[in-house]
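>>> fold the stuff below for me.
(one chain, ligands or ions: 1)
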Amino acid sequence: MNTTPTNLHAQRIDQVLLRAPVVPVLSIARLEDAVPLARALVDGGLPVLEVTLRTEAAIGAIRAIREQVPDASVGAGTVLTARDLSAVEAAGASFAISPGATDALYAAASDARIPLLPGIATASELMHGLELGYQRFKFFPAESSGGIGALKSFAGPFAQAKFCPTGGIDAARAPAYLSLSNVITVGGSWMVPADALAAGDWQRIANLARAAAALRIA
Ligand SMILES: O=C(O)C(=O)C[C@H](O)[C@H](O)COP(=O)(O)O
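Numbering: from 1, shown residues only. Below you'll find the predicted structure:
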């Protein structure tokens with residue numbers, strides 16, 4: 001089976017990842033929060049969003065953001081299976097992100113209209129993805145899989161690979177990641193504190209997004 005991503009998929013992933021230095025990783029429990037949350041993040045300068053499939057509301061949230069926040073690039077996270085991939089595609093996600101990758105997911109991704117950013121944590125997983133023709137990966141869970149040191153080590157043997165590290169990264173740690181030549185953008189949830197989301201404090205979230213959008217390199 002052919003599992004190689006098309007050039008178009010690879011280009012689309014680069015376009016998305018290059019739009020902002022930080023990708024908010026969202027867990028949306030209340031569907032009605034989706035649009036104001038996305039607007040706050042986009043207004044703060046973070047237009048690329050990863051809506052994780054960790055909640056019942058996730059698919060509806062992707063659809064609502066896609067329809068009502070045209071400036072957002074809304075992607076789906078926690079895409080684990082071929083079924084997840086077709087569900088997020090049907091909901092209007094413009095890309096999919098997975099925390100890891102399986103042969104079944106890679107096979108489904110080659111038939112999908114939207115591109116996949118597969119997750120890797122080890123050199124062997126990275127080699128598997130490279131063998132299939134992928135060059136962009138989520139590095140997850142970043143902090144507990146070796147963080148900055150691991151990414152620096154990957155840059156030697158795997159010069160063509162570039163990453164969106166995610167997992168355990170906050171505003172203080174992000175600049176050091178962004179200074180690495182093989183990091184395009186970082187993912188994280190720090191700009192959406194649970195209490196701000198629960199209270200619908202969109203202003204606070206927009207301010208945190210603005211600070212994240214201003215991050216470049218250490
Ligand atoms: O659900 C997924 O697919 C994930 O990849 C998990 C998220 O990437 C992390 O939960 C990031 O969140 P923080 O560590 O809070 O920044």
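
>>> how many other residues sit next to E56?
Neighbour count for E56, taken as other Cβ atoms under 10 Å: 11. From N, CA and C alone the C-beta is placed, and that goes for glycine too.

>>> ugh, typo on my part, it should be P99
18.

>>> is it fair to say it lies in a helix?
No - according to DSSP: H, G, I helix; E, B strand; the rest coil, P99 belongs to no helix; its state is coil.

>>> and the closest residue to it other than its chain neighbours, how far from R39?
Closest residue to P99 in three dimensions, ignoring its sequence neighbours and counting by Cβ to Cβ, 6 or more residues apart in numbering: G119, at 4.4 Å. Using Cβ to Cβ, to the nearest Å, we find G119 at a distance of 28 Å from R39.

>>> the two: which is more packed in?
G119 (25 against 18).

>>> list the residues that contact the more buried one.
I97, S98, P99, G100, A101, F137, K138, F139, F140 (Cβ atoms under 8 Å, 6 or more residues apart in numbering).

>>> residues in contact with the fourth one?
To tie it back to what came earlier, the one meant is G100. P118, G119, I120, A121, E125, F140 are the contacts of G100 under Cβ under 8 Å, 6+ apart.

>>> over to the fifth one?
When contacts are counted by Cβ under 8 Å, 6+ apart, A101 is found next to P118, G119, I120, E125, H128, G129.

>>> in strands, which of those residues appear?
G119, I120 (DSSP state E).

>>> hmm, which two among the contacts of A101 are most spread apart?
Using Cβ to Cβ, the contacts of A101 reach their maximum pairwise distance at G119 and H128, which is 11.7 Å.

>>> for the spatially most central residue of the chain, which non-adjacent residue is spatially closest?
The chain has E50 as the residue nearest its centroid, 4.9 Å off, counting by Cα atoms, centre = their mean. The shortest distance from E50 to any residue other than its chain neighbours is 4.0 Å, reached at G77 (Cβ to Cβ, 6+ apart).

>>> which parts of the chain sit against the ligand?
Neighbours of the ligand within the chain, by Cβ under 6 Å from any ligand atom: 25, 52, 54, 77-78, 99, 140, 166-169, 187-189.

>>> in those residues, find the pair that's most separated.
Every pair of the residues of the chain next to the ligand checked by Cβ to Cβ; the farthest is R54 and I169, at 17.8 Å.
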